[in-house]
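Novice: Only the shape, not the letters, is given here:
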């Protein structure tokens with residue numbers, strides 16, 4: 001079985017208890033990854049100066065930086081395990097019952113991809129390529145075009161972990177943008193993310209998010225940086241429009257489905 005890592009802060013044993021119960025019901029053994037507490041980053045006197053001296057293209061707040069460090073620890077765990085791939089979860093993820101079948105082997109893994117997204121696409125349809133494979137349970141594997149928000153449930157292989165860790169070392173984007181936003185992230189384009197349709201995971205949004213307080217404290221993005229970001233994304237947006245016009249990709253809803 002492939003390893004499973006769950007990112008969970010020490011101050012939220014309630015979330016770990018819920019995840020442990022869910023995974024136990026699915027017959028999945030998981031390793032808990034202690035999340036990095038953003039409050040500890042805030043206590044570092046040099047953090048504010050560091051972000052001022054080296055502003056990234058897309059400034060991330062302390063909550064996002066802490067979240068990225070948690071995902072980095074999980075990926076380092078994968079590389080240290082010797083396994084070919086792993087399932088990485090945030091501690092508010094809900095999984096479909098057939099998830100264990102994904103962990104038995106990689107015979108189903110899509111060629112050329114380094115990351116597979118289990119999570120739903122929320123309310124919006126996303127541009128997806130036609131299915132190029134199937135999960136063991138029969139769900140479609142479709143190449144993601146543009147992006148989907150969220151990083152609560154995904155599988156990544158060893159090469160993908162190495163690629164992501166390179167980007168995490170000098171972050172300019174949040175975790176989900178780094179991994180899945182093909183408009184702005186060169187890392188996402190290298191990972192060639194695939195999406196499971198219908199999705200096999202979702203976030204328990206009723207638990208709230210620890211990110212909100214840090215989003216409120218984040219500094220406004222510089223208008224010049226926002227303009228450069230938008231202009232830089234124009235070639236990719238043009239590409240997506242062309243793919244849609246030619247019918248190569250289609251806007252597709254990605255709902256969560258417990259059963260398939």
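Specialist: Sure, I can see it. Predicted model only: the values in this text are computed from it and were never measured.

Novice: report the longest helix in the chain, please.
Specialist: Determined from DSSP state H, the single longest helix within the chain is helix 223-245.

Novice: Residues touching the next helix or strand after that helix, excluding its own?
Specialist: Using DSSP states H and E, the helix or strand that follows helix 223-245 in sequence is strand 249-252. Outside strand 249-252, the residues that touch it by CB atoms under 8 Å, 6 or more residues apart in numbering are 125-130, 142, 145, 197, 240, 243-244. (Glycine included, C-beta is placed from N, CA and C.)

Novice: Okay, now the sheet partners of strand 249-252, with direction.
Specialist: strand 126-134 (antiparallel) (DSSP bridges).

Novice: Run the angle between the partner strand and helix 223-245 for me.
Specialist: Relative orientation of strand 126-134 versus helix 223-245 (axes from the mean of the first three to the mean of the last three CA atoms, to 10 degrees): 50 degrees.

Novice: Which elements pack onto the helix or strand that strand 126-134 is followed by?
Specialist: Next helix or strand after strand 126-134 toward the C-terminus (DSSP H and E): strand 140-144. When contacts are defined as 3 or more CB pairs under 8 Å, 6 or more residues apart in numbering; DSSP states H and E, strand 140-144 packs onto strand 126-134, strand 194-197.

Novice: Of those, which is nearest residue 68?
Specialist: Among those, the nearest to residue 68 by CB to CB is strand 194-197 (21.4 Å).

Novice: just checking, what packs against the following helix or strand past the closest one?
Specialist: Next helix or strand after strand 194-197 toward the C-terminus (DSSP H and E): strand 201-203. Where contact means 3+ CB pairs under 8 Å, 6+ apart, strand 201-203 is packed against strand 93-95.

Novice: Direction included, what does the next helix or strand after the strand it packs on pair up with?
Specialist: Moving toward the C-terminus from strand 93-95, the next helix or strand (DSSP H and E) is strand 115-117. According to DSSP bridges, strand 115-117 has the following sheet partners: strand 153-157 (antiparallel), strand 194-197 (parallel).

Novice: and the ones you listed as JSON lines, adding mean neighbour count and mean pLDDT?
Specialist: As requested, the strands paired with strand 115-117 are exported to JSON lines (neighbours: other CB atoms under 10 Å; pLDDT from 0 to 100):
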{"stretch": "strand 153-157", "mean neighbour count": "26", "mean pLDDT": "98"}
{"stretch": "strand 194-197", "mean neighbour count": "26", "mean pLDDT": "98"}
